[in-house]
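S.K.: I need the structure of the sequence given here:
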Amino acid sequence: MTFTKKGWNTMSKEKLPSGISFFERYLTIWVLLCMGAGILIGRFFPGVRSFLEGMEIAGQNIPLVILMWFMIYPMMLKIDFKAIKNVGKHPSGIIISSIASWAIKPFLMFGLATLFLQIIFSSLIPVNIAQDFVIGAVLLGTAPCTAMVFVWSALTKGNPAQTLVQVSVNDLLILVLFIPIVQILLGISNVVLPLDILVLSIVLFVVVPLTAGFLSRVLIIKNKGEKYFNEEFVTKFDGVTTIGLLLTLIIIFVFQGDIIMEHPLYVLLIAVPLILQNTISFTLTYLVSKGAKLPHDIAAPASLIAASDFFELSVAVAIALFGVDSPVVLACTVGVLTEVPVMLLLVKVVNKTKHWFPTPSYKG
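M.R.: Numbering: from 1, shown residues only. Now for the predicted structure:
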């Protein structure tokens with residue numbers, strides 16, 4: 001990948017998907033189906049729940065840890081850290097998106113979750129449950145997405161190199177910013193999370209799959225070539241990721257069935273601050289990008305990355321910290337339910353406002 005006066009122009013299009021898959025487009029429906037399946041299994045086959053509860057080591061549910069790796073490892077395969085060297089060649093979009101993702105969005109999520117779940121909806125949610133929902137929202141909003149943003153960028157004809165660099169930067173920033181920001185925000189509510197479990201969660205669900213993805217990329221490209229890696233090896237994991245996500249959701253709802261059956265309204269109440277956070281984060285970043293006169297193909301991925309959440313990581317950390325039956329996990333899981341329809345709506349907004357921006361920097 002090189003940079004010329006015309007912009008980033010040698011990134012192979014194979015590195016970004018051409019569009020959204022059938023599974024991704026209807027992810028909300030699959031989540032609802034998994035919710036139903038998990039609730040039915042938990043209610044009519046209690047032995048399954050007991051079996052899963054017995055498969056824990058050091059507070060970690062082993063089947064869920066393995067399934068999380070199935071989901072997160074394929075994402076990490078797409079990260080090319082050689083792209084980091086190009087950060088300084090077109091920095092405006094990276095700077096704007098990074099500030100929005102790390103200095104604004106987590107605090108916005110905390111504020112919205114607190115406002116709605118602990119104040120506006122206080123008559124509908126018990127105090128202790130509301131606090132758990134806020135914790136889940138904070139975990140969800142403190143890590144920007146690293147996978148689906150490749151799809152959102154492709155759907156808006158975003159600059160593929162810019163997307164890759166931003167995602168790579170965010171993966172590195174997660175390692176150093178996720179834990180302190182979560183601790184700061186939850187400390188405001190006098191919630192103290194055990195540092196050792198937080199660190200273990202980041203190691204298990206970021207460091208391990210990130211390292212595995214990096215080594216896989218280096219070794220396979222060295223032996224088989226970049227075309228084989230992008231077009232054949234990475235695509236082999238599409239089905240694995242899908243199966244991992246579906247099975248994870250079913251297991252989560254086996255444990256969450258009681259609270260959902262007793263209080264189905266909770267799902268809708270949790271969704272309100274999550275959707276507002278996605279929308280406000282996007283709007284703010286998009287308008288700042290417009291004010292900075294960024295090309296549309298830079299502004300689009302910068303804003304969509306800032307709006308979306310790394311729900312896989314938030315769910316994994318929530319389970320590690322609080323257990324799979326915690327309301328914290330439910331709040332994170334609602335993020336899986338809402339993300340795709342919200343982001344598809346924002347993609348439509350981006351595509352209808354191209355005329356607001358200068359000529360794209362990328363000719364693909």
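
S.K.: My guess is residue 350 contacts residue 307. True?
M.R.: No: Residue 350 lies out of contact with residue 307 (CB atoms under 8 Å); the separation is 10.3 Å. (Each C-beta comes from the backbone N, C-alpha and C, glycine too.)

S.K.: how long is stretch 108-124 end to end?
M.R.: End-to-end span of stretch 108-124 (CA to CA, to the nearest Å): 22 Å.

S.K.: Looking at residue 350 and residue 307, which one has more neighbours?
M.R.: Using other CB atoms under 10 Å as the criterion, residue 350 and residue 307 rank with residue 307 on top: 29 against 25.

S.K.: Residue 223 versus the more buried one, what's the distance?
M.R.: The spacing between residue 307 and residue 223, counted by CB to CB, to the nearest Å, is 38 Å.

S.K.: same thing with residue 161?
M.R.: For residue 161, the distance to residue 223 - CB to CB - is 25 Å.

S.K.: These two - which one has more neighbours?
M.R.: residue 161 (30 against 9).

S.K.: got a list of what residue 223 touches?
M.R.: By CB atoms under 8 Å, 6 or more residues apart in numbering, no residues touch residue 223.

S.K.: Which elements pack onto the helix or strand hosting residue 290?
M.R.: For residue 290, the element it lies in under DSSP states H and E is helix 265-291. Using 3 or more CB pairs under 8 Å, 6 or more residues apart in numbering; DSSP states H and E, the elements in contact with helix 265-291 are helix 91-99, helix 105-113, helix 127-141, helix 238-262, helix 296-307, helix 327-352.

S.K.: buried ones in that helix?
M.R.: Neighbour-count burial for helix 265-291 flags 266-267, 269-278, 280-282, 284-286, 288-290 (criterion: 16 or more other CB atoms under 10 Å).

S.K.: That one versus helix 327-352: what angle between them?
M.R.: For helix 265-291 against helix 327-352, the angle by axes from the mean of the first three to the mean of the last three CA atoms, to 10 degrees is 40 degrees.

S.K.: top helix in this protein by residue count?
M.R.: Longest helix in the chain, counting residues (DSSP state H): helix 160-188.

S.K.: quick one: average pLDDT of the helix or strand that that helix is followed by?
M.R.: The C-terminal neighbour of helix 160-188 among helices and strands, as given by DSSP H and E, is helix 195-202. Helix 195-202 comes out with an average pLDDT of 87.
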